[in-house]
Structure formats: C-alpha cells, structure tokens
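Student: Any chance you could fold what I've pasted below:
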Amino acid sequence: MASLLGIDYGDKRVGVAIGYLDEHMVLPLTVLDNDDTLAKHLDALMNEHHPQSVVIGLPQPRNHQDPGINKAIKAFAKECQQTWPCEVILVNEENSSHHASRKLSQAGLSQKKQRGKLDAHAAVLILQQYMGGEK
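Tutor: This next block holds a predicted model:
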C-alpha cells in the first residue's frame, strides 16, 4: 500500500502523520520530542511504514522574512534526504498547528486535552494539503 509520512517539525515537538494514497486517507501517528531520540524514533516509523515520500511542512515567509524555524526545517529535510531512501518533499504551509487546534476544539477537545495530539494533527493537515485537499 503506497503511503506518505507527513511531518510537522517544531523546536520542541515533531508531529507525524501517515497518508495512504490509494484510499486518500490521512491519520495522525504520533508526536515525538525533538531531542536526541528523534532520529531513532523516526527510523522506527520509516521501517514500519516504508513510505514512498516524506512530506515536511515549511511555513511561508511573511513580508519577505523567513520564519526562524525554516532554517532548522531545511536542515532537517536535508538530513532526512541523506538518511532515507525515499523522496523528501517540502510543502508550503501556514498555521497548520493553529488550524489543527481549531479543528480539535470544534471536536470538543479542550486545550489541555489537545496536548500530545496537536502536532500529529498538524501533520495530518500538511499531508492533506499535499494530497490535494481535505478528504
């Protein structure tokens, strides 16, 4: 089954989602701490799911100023490209965490209950955008 791994990369946490191309379905997988264990956990996900591509959200510059996180995201994407035998794609995204929080709030989850889930849901939105819109 052809799949994609979506990543919402942040300074503290990294949200991960899985997208199945044949079913046009995207599901949140996990939220990982952005620390020295990140590579190990991502390798395990890569070995488990064997995605054909990894899709990483890259915030849009505002007023010609690159968001500070973009340098770290681009370095992370380069490291992924060198580590895994699949395509690594950077996609323009803006406010995926904010939009994910709004959706989770509409579903009845308080801010407190969103902790530990939000970044994976942001990764879902990034993948949905890449796959052609929300399904």
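Student: how about low-confidence regions in the chain?
Tutor: 1, 61-67, 95-117, 133-135 (pLDDT under 70).
Student: Can you show me the strands along it?
Tutor: Secondary structure of the chain by DSSP state E: the strands cover 3-9, 13-20, 25-33, 53-59, 87-93.
Student: Show me what the first one pairs with in its sheet, parallel or antiparallel.
Tutor: Looking at strand 3-9 with DSSP bridges, its paired strands and their directions are strand 13-20 (antiparallel), strand 53-59 (parallel).
Student: so which of the ones you listed comes closest to Met46?
Tutor: Nearest to Met46 among the strands paired with strand 3-9 is strand 53-59 (8.0 Å), distances taken as CB to CB. C-beta here means a position set from N, CA and C on the backbone, and glycine is covered the same way.
Student: Make CSV from the strands paired with strand 3-9 and add mean neighbour count and distance to Val124 to it.
Tutor: Formatted as CSV, the strands paired with strand 3-9 follow (neighbours: other CB atoms under 10 Å; distance: least, CB to CB, whole Å):
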stretch, mean neighbour count, distance to Val124
strand 13-20, 23, 4
strand 53-59, 22, 11
